[in-house]
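K.L.:
the sequence and its predicted three-dimensional model are supplied below.
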Amino acid sequence: MNKLLVIGRDSSLEFYVNDIFLGNFADSYPDSPLTGIELQVSGEGSHVTFDNVALHSLSPLPVVMFPAAISGDPPFSSDYSPPAQERIGPFVTQPGDYFVSYTMTNAELSALQAEYYSAPIRKEILDAVEANFKDRVDVVIVILDLDAPPQGSLPWGVNWSVQSGSVHNPTTPRFARLGSMWLMTRDGLDMGPALHELLHGFLKSSFIIPTVLASHWGFSSVGGQLGGWDKDTLVYLGNDTYQATGPPISGGSYPTSFGIQANGGNSVPYSNLELWAMGLIPDSELVSVDVAENASYIEAGEGKFTATAIRTYSPSELIARTISDNRPSTATPRAFRGLVVFASTRTKIDMATITQLNREIEEFSMRSLISWGHNFWMATGMRASIHLATASELAR
Ligand SMILES: [Zn+2]
């Protein structure tokens, strides 16, 4: 028997049950403000009626839905008609208005692939966004028109932070205050590292615990998008040797190891310290973090490592270690606006690609559950949202 968490209290509510509800959802979001009723269901395919709440499993159904009155989002339209405005500066609007495209030359793409960090195209696109769009863009998301991991220096994703300030500081300009996020393949919003890169935008310069890998959680119990093991899984094997795994992935099963940089793309939600660092939970909900000292992997694939000690940082120590200008508070914004720029060497984007991107953008940004992995709203435990659609609305 698995626990099922029902969201919403509408007596006419219908739920489409798929595996995301079975096992891991209630555990992942025990304190959701939208928590309604807990039911017991016997497995996928159940049909349950309880307090006028009917559950229907219509398998296979990819998305679990609940009413706009609960989720706050209107139903998305499948009308992919072109926006009224065809161009916004060097950008071209696209059917459905989910994103704009930017045409790169082959030479610009080659330069980007050869040496990402010095390629001028990065700044050109960002400057063009700033010049042509209103100062309401918290994050610029550039998706490259590539279907495979790129060659050369390109990572899977990167958040090129362009502001010296912080989203936690209300005097920081809004433009790109969560950074400029580059996803190097067309499915980066779906599969990751979209959640990972977005989190970098909240953390900026500060780091909270000692780590072997700058800007990531290293050998620690943070267990989230920026790496670390799941706090409950650490086992001491003797002789300064430990073993642990990352947090459960979508569906509830534990992986065999943990990463010091990341854990499984969009398959894991933001962890306790990450939610706190984003300003989404108060100091009172922050839990301690264990950090392995002088650690290194023995067998990375099995989560085995050596360390001279495990040091525990209490919530008050973690708070004291966070520099003041990047100090999260519950006054940090929770509703964000992003603009997706599709950077391609093609002058015309085919309808299949447009449909794929529109769907990815919709799923990543909607305040509803998706069938695989986590969108932003789910990853934050329904505490924050990001609006990406209606791109041309942002034109100056
Ligand atoms: Zn990273």
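P.N.:
Done, it's in.

K.L.:
state which helix of the protein is the longest.
P.N.:
helix 351-365 (DSSP state H).

K.L.:
now do the buried residues in the helix or strand following that helix.
P.N.:
Next helix or strand after helix 351-365 toward the C-terminus (DSSP states H and E): helix 376-379. Using 16 or more other Cβ atoms under 10 Å as the test for burial, helix 376-379 gives 376-379. (C-beta placed from N, C-alpha, C; glycine too.)

K.L.:
list the buried residues for stretch 322-337?
P.N.:
Using 16+ other Cβ under 10 Å as the test for burial, stretch 322-337 gives 322, 326, 328, 332, 336-337.

K.L.:
and that stretch, how far apart are its ends?
P.N.:
Using Cα to Cα, to the nearest Å, one end of stretch 322-337 lies 26 Å from the other.

K.L.:
same deal with stretch 127-145?
P.N.:
Distance across stretch 127-145, first residue to last, is 20 Å (Cα to Cα).

K.L.:
turn the buried residues of stretch 322-337 into JSON lines, including secondary structure, distance to residue 166 and pLDDT.
P.N.:
Output for these, formatted as JSON lines (DSSP: H, G, I helix; E, B strand; the rest coil; distance: Cβ to Cβ, whole Å; pLDDT from 0 to 100):
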{"residue": "322", "secondary structure": "coil", "distance to residue 166": "11", "pLDDT": "87"}
{"residue": "326", "secondary structure": "helix", "distance to residue 166": "5", "pLDDT": "72"}
{"residue": "328", "secondary structure": "coil", "distance to residue 166": "9", "pLDDT": "85"}
{"residue": "332", "secondary structure": "coil", "distance to residue 166": "9", "pLDDT": "86"}
{"residue": "336", "secondary structure": "strand", "distance to residue 166": "14", "pLDDT": "92"}
{"residue": "337", "secondary structure": "strand", "distance to residue 166": "17", "pLDDT": "93"}
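
K.L.:
then the longest helix of the chain to PDB, C-alphas only?
P.N.:
What follows is helix 351-365 as a C-alpha-only set of coordinates in PDB (Å, rounded to 0.1, in the frame of the first residue of the first chain):
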ATOM      1  CA  MET A 351       7.200  22.700 -36.500                       C
ATOM      2  CA  ALA A 352       8.400  19.500 -34.800                       C
ATOM      3  CA  THR A 353      11.100  21.300 -33.000                       C
ATOM      4  CA  ILE A 354       8.800  24.200 -32.100                       C
ATOM      5  CA  THR A 355       6.200  21.700 -30.700                       C
ATOM      6  CA  GLN A 356       8.900  19.900 -28.700                       C
ATOM      7  CA  LEU A 357      10.200  23.200 -27.200                       C
ATOM      8  CA  ASN A 358       6.700  24.500 -26.500                       C
ATOM      9  CA  ARG A 359       5.900  21.300 -24.600                       C
ATOM     10  CA  GLU A 360       9.100  21.400 -22.600                       C
ATOM     11  CA  ILE A 361       8.600  25.000 -21.700                       C
ATOM     12  CA  GLU A 362       5.000  24.400 -20.700                       C
ATOM     13  CA  GLU A 363       5.900  21.400 -18.600                       C
ATOM     14  CA  PHE A 364       8.900  23.000 -16.900                       C
ATOM     15  CA  SER A 365       7.000  26.100 -15.900                       C
END
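
K.L.:
just how off-centre is it within its chain?
P.N.:
Put simply, helix 351-365 sits 16 Å off its chain's centre (Cα atoms, centre = their mean, to the nearest Å).

K.L.:
list the contacts of it.
P.N.:
The contact list for helix 351-365 (Cβ atoms under 8 Å, 6 or more residues apart in numbering) reads 63, 76, 80, 94-96, 98-99, 143, 145, 186-187, 189-190, 194, 338, 340, 342, 370, 375-377, 385-389.

K.L.:
in PyMOL, select just the buried ones from the residues you listed.
P.N.:
In PyMOL syntax, the buried subset of the contacts of helix 351-365 is picked out as below (16+ other Cβ under 10 Å):
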select buried, resi 76+94+96+98+99+143+145+186+187+189+190+194+338+340+342+370+375+376+377+385+386+387+388+389
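
K.L.:
distance of residue 207 relative to residue 339?
P.N.:
Between residue 207 and residue 339 the distance is 28 Å, computed by Cβ to Cβ, to the nearest Å.

K.L.:
settle it for me: which of those two has more neighbours?
P.N.:
The residue with more neighbours, out of residue 207 and residue 339, is residue 339; 24 against 19, by other Cβ atoms under 10 Å.

K.L.:
now do the more buried one against residue 185, distance only.
P.N.:
19 Å.

K.L.:
next one: residue 137
P.N.:
From residue 137 over to residue 185 the distance is 22 Å, taken as Cβ to Cβ.

K.L.:
one more: residue 349?
P.N.:
For residue 349, the distance to residue 185 equals 15 Å [Cβ to Cβ].

K.L.:
same check, this time on residue 207
P.N.:
Residue 207 is 28 Å from residue 185, by Cβ to Cβ.

K.L.:
also residue 144?
P.N.:
When residue 144 is compared with residue 185 (using Cβ to Cβ), they lie 7 Å apart.

K.L.:
quick one: which of those two has more around it?
P.N.:
More crowded of residue 144 and residue 185, by other Cβ under 10 Å: residue 144, with 23 against 20.

K.L.:
what's the closest non-adjacent residue to the more buried one?
P.N.:
Leaving out its chain neighbours, the residue that sits closest to residue 144 by Cβ to Cβ, 6 or more residues apart in numbering is residue 184, at 5.1 Å.

K.L.:
so what does that neighbour have for phi and psi?
P.N.:
In terms of degrees, to the nearest 10, the main-chain angles of residue 184 are phi -90, psi 0.
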